[in-house]
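[1] Got a sequence here, can you build the structure:
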Amino acid sequence: MLKKVFGSAVFGVEATTITVEVNVDSGIGYHLVGLPDNAIKESNFRIAAALQNNGYKIPGKKIIINMSPADLRKEGSSYDLTLAIGILVATNQINGDDIDKYLIMGELSLDGNLQPMRGALPIAVKAREEGFKGFILPKQNAKEAAIVDGLEVFGVDNISQVIKFFDVGEPLEQTIINTREEFYKNLDFPEFDFSDVKGQESIKRCMEIAAAGGHNVILIGPPGAGKTMLAKRLPSILPPMTLQEALETTKIHSVVGRVQEHTGLMAQRPFRSPHHTISNVALVGGGSYPQPGEISLSHNGVLFLDELPEFKREVLEVMRQPLEDREVTISRAKFTVTYPSSFMLVASMNPSPSGYFNDPNAPVTSSPAEMQRYLSKISGPLLDRIDIHIEVTPVPFEKLADERKGETSVEIRKRVTAAREIQTERFKESEKVHYNAQMNTKFLRQHCKLDEASMQLLKTAMERLNLSARAYDRILKVSRTIADLEGVEVINGSHLSEAIQYRSMDREGWLG
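    From the prediction side, this is the model:
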């Protein structure tokens, strides 16, 4: 007897429906085909124990299971439940008249309990697209899948519940989530607030500009100046995620199993801070069977690289293309996957190995040659892709001891959001450009026009600082953002001057 049940495989951030065909014939043997990996090949042991502990068994017959399409590699243990239910229906141990209306996924424990799976959200999206009535999966992932409207989602604890549902019609509890209500309920502010930062008014201004235009930023300063503190508070002033951004972000985190059980939709912008020992594959994604890396997990959020020169040079260099294209493509012999990676890069670094400027009063100093050698660990092309370079100086005692609270993240966020709304309106015709940092050459010519005096100012800066064409574009983009924060349509000299001063690393002798 031949029966078909349905599961799903995730490639990149999209899912593909897998048809599991179970054929039972006279003879003996258990044959699993269709490019399964080792985790799936071992499933017959888990299935046998789970069925036996729930009053069923794998009969002593010839069972052939094909996972179609057969030329597509299947990975992971989440097909256990799919295979187990298929075997029970094909061997007439349970009724399965409606089994083709449901997509079934989940890893089995030996007692029949279900373990959480990865990729529930993209699988649910695909199930709805292909017209499935419902999706049966582990209870831990039910909220995540229930984000998708128009699909009945049933979270289950044990295989016995699924058996009773198909065999005797015992109802399963449907997980229902009002996606919009859930999303807006969780739009609270992160625990870190800019009011905690003493002094550093110019750096706060710089971070506000970066947040308003989505610009990459690097903070350079001695230890204890507040670089990490400022970076951790950047997400608190970024505009709230739109529902579309939240769905995109949740889908990526779902693929790697990072969505928390009690939260369906991610409402907070991600903030990722990998250690400097990270490999290039872990940063950009990949592996023999590709998975998203840190830059994709930072999509629509912030990637913070603390102590930038401590990262391996080859690790930093692989970020060049994703920083420009805002997506990363990983190619293998048989397939290619693309992960979105539209993130804000925030980096911090000391100006020298000792951590201090060339200051005779510092506890440890470094020579100009040592400083230059240390800074040269960061390549010019990578620095070109960072829009804003800012020096962070230590906070004097008077400001540290001042008990008055600074401006809160809520107040800064209002100005940032107002500037982003201007940009959203400006780029409403474009599908790929949403804020100033994403502008291409066409939009630069259209929205960053300069008068004669401003053009002369920029020309002088370009010649004196020996800036590249890419740095020219970055200055214009930052100028456009400064003008947007002021609500001004035309870029003037003051906007341009402020943007030019945020190119510290381009200035010869900037360390003094």
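[2] Spit out the contact partners of the nearest residue to Ser43 once chain neighbours are set aside.
    Among residues not flanking Ser43 along the chain, Asp80 sits closest, at 5.0 Å (C-beta to C-beta, 6 or more residues apart in numbering). Where C-beta positions appear, they are placed from N, C-alpha and C, glycine not excepted. Shown in contact with Asp80 (C-beta atoms under 8 Å, 6 or more residues apart in numbering): 43, 46-47, 50, 106-108.
[3] which residues of the stretch 401-512 of the chain score low on pLDDT?
    Where the stretch 401-512 of the chain drops to pLDDT under 70, the residues are 506-512.
[4] Repeat that for the chain.
    Low-confidence segments of the chain (pLDDT under 70): 182-190, 261-263, 355-365, 506-512.
[5] centroid residue for it?
    Nearest residue to the geometric centre of the chain (C-alpha atoms, centre = their mean): Leu297, 2.3 Å.
[6] Thought Pro270 was touching that residue, still the case?
    Yes: if you go by C-beta atoms under 8 Å, Leu297 and Pro270 touch, sitting 6.1 Å apart.
[7] Tell me the residues that contact both of the two, please.
    Taking C-beta under 8 Å, 6+ apart as the criterion, Leu297 and Pro270 both touch His253.
[8] hmm, back to that, return the distance of the residue nearest to Ser43 relative to Glu452.
    71 Å (C-beta to C-beta, to the nearest Å).
[9] Show me where the stretch 351-500 of the chain has its helices.
    368-375, 380-384, 397-401, 409-426, 441-447, 452-465, 469-486, 493-501 (DSSP state H, counting those that start in this stretch).
[10] And the second one, what does it pack against?
    Applying 3 or more C-beta pairs under 8 Å, 6 or more residues apart in numbering; DSSP states H and E, one finds that helix 380-384 makes contact with helix 313-317, helix 469-486.
[11] can you give me the offset of the shortest one from its chain's centre?
    In other words, helix 313-317. 20 Å (C-alpha atoms, centre = their mean, to the nearest Å).
[12] who touches the very next helix or strand once past that helix?
    Downstream of helix 313-317, the next assigned helix or strand under DSSP states H and E is helix 320-325. Residues outside helix 320-325 that contact it (C-beta under 8 Å, 6+ apart): 216, 284, 295, 328, 341, 345, 381-382, 385.
[13] give the contact list for Ser273.
    With C-beta under 8 Å, 6+ apart, Ser273 has these contacts: 303-306.
[14] can these go into TSV with extra columns for neighbour count, distance to Lys57 and secondary structure?
    Compiled in TSV, these are given as follows (neighbours: other C-beta atoms under 10 Å; distance: C-beta to C-beta, whole Å; DSSP: H, G, I helix; E, B strand; the rest coil):
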residue	neighbour count	distance to Lys57	secondary structure
Leu303	26	51	strand
Phe304	22	53	strand
Leu305	25	54	strand
Asp306	19	55	coil
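[15] Closest one to Thr460 out of those, please.
    Nearest to Thr460 out of the contacts of Ser273 is Leu305 (C-beta to C-beta; 32.4 Å).
[16] so how far is Leu382 from the closest one?
    Counting by C-beta to C-beta, the gap from Leu305 to Leu382 is 11 Å.
[17] With Val315 instead?
    11 Å.
[18] now swap in Val392 and tell me
    19 Å.
[19] next one: Gly106
    Separation of Gly106 from Leu382 (C-beta to C-beta): 43 Å.
[20] Checking the residue nearest to Met266 when sequence neighbours are not counted next. Helix, strand or coil?
    Nearest in space to Met266, with sequence neighbours left out and distances taken as C-beta to C-beta, 6+ apart, is Thr250 at 4.6 Å. Here Thr250 is recorded as helix under DSSP: H, G, I helix; E, B strand; the rest coil.
[21] How many neighbouring residues does Thr250 have?
    Number of residues near Thr250 (other C-beta atoms under 10 Å) recorded here: 24.
[22] residues contacting it?
    Contacts of Thr250 (C-beta under 8 Å, 6+ apart): 121, 144, 147, 259, 264-266.
[23] Could you check how far it is from Leu121?
    Thr250 is 6 Å from Leu121, by C-beta to C-beta.
[24] One more: Thr338?
    18 Å.
[25] repeat for Leu247
    Counting by C-beta to C-beta, the gap from Leu247 to Leu121 is 8 Å.
[26] overlap in contacts of these two?
    With C-beta under 8 Å, 6+ apart, Leu247 and Leu121 have common neighbours Ile147.
[27] Compare the two (neighbour count), which wins?
    Each of Leu247 and Leu121 has its neighbours counted (other C-beta under 10 Å); Leu121 has more, 27 against 18.
[28] which residues does the nearest residue to the more buried one once chain neighbours are set aside contact?
    Leaving aside its chain neighbours, Leu121 sits nearest to Ser254 (4.0 Å; criterion: C-beta to C-beta, 6+ apart). With contact set as C-beta under 8 Å, 6+ apart, Ser254 has these partners: 118-122, 144.
[29] go again using 6 Å as the cut-off
    119-121, 144 (C-beta atoms under 6 Å, 6 or more residues apart in numbering).
[30] before we move on, which element is it in?
    helix 243-255.
[31] Identify each buried residue in that helix, please.
    Judged by neighbour count (16 or more other C-beta atoms under 10 Å), helix 243-255 contains these buried residues: 245-255.
[32] How about stretch 444-463?
    Those would be 444, 447-448, 450, 454, 457-458, 461-462, for stretch 444-463 by 16+ other C-beta under 10 Å.
[33] The closest residue to Met371 other than its chain neighbours: how many residues sit nearby?
    Spatial nearest neighbour of Met371, excluding adjacent residues (C-beta to C-beta, 6+ apart): Ser352 at 4.2 Å. By the measure other C-beta under 10 Å, the count of residues near Ser352 is 24.
[34] now the helices: where do they sit in the stretch 151-300 of the chain?
    159-167, 179-185, 201-213, 227-232, 243-255, 280-284, 294-297.
[35] For Thr460, see how far away the closest residue to Ala437 other than its chain neighbours is.
    Nearest residue to Ala437 in three dimensions, chain neighbours excluded: Gly214, at 3.9 Å (C-beta to C-beta, 6+ apart). Going from Gly214 to Thr460 by C-beta to C-beta gives 28 Å.
[36] top strand in this structure by residue count?
    Determined from DSSP state E, the single longest strand within the chain is strand 14-25.
[37] and that one, which residues are buried?
    In strand 14-25, counting by 16+ other C-beta under 10 Å, buried: 14-15, 17-24.
[38] Next, the angle from it to helix 243-255.
    Going by axes from the mean of the first three to the mean of the last three C-alpha atoms, to 10 degrees, strand 14-25 is angled at 40 degrees with respect to helix 243-255.
[39] Within the sheet, what are the partner strands of strand 14-25, with directions?
    Based on DSSP bridges, the pairing partners of strand 14-25 within the sheet are strand 2-11 (antiparallel), strand 62-68 (antiparallel).
[40] could those strands be laid out in TSV, adding mean neighbour count and distance to Asn95?
    Shown next, in TSV, are the strands paired with strand 14-25 (neighbours: other C-beta atoms under 10 Å; distance: least, C-beta to C-beta, whole Å):
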stretch	mean neighbour count	distance to Asn95
strand 2-11	21	11
strand 62-68	19	19
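[41] Understood, closing this out.
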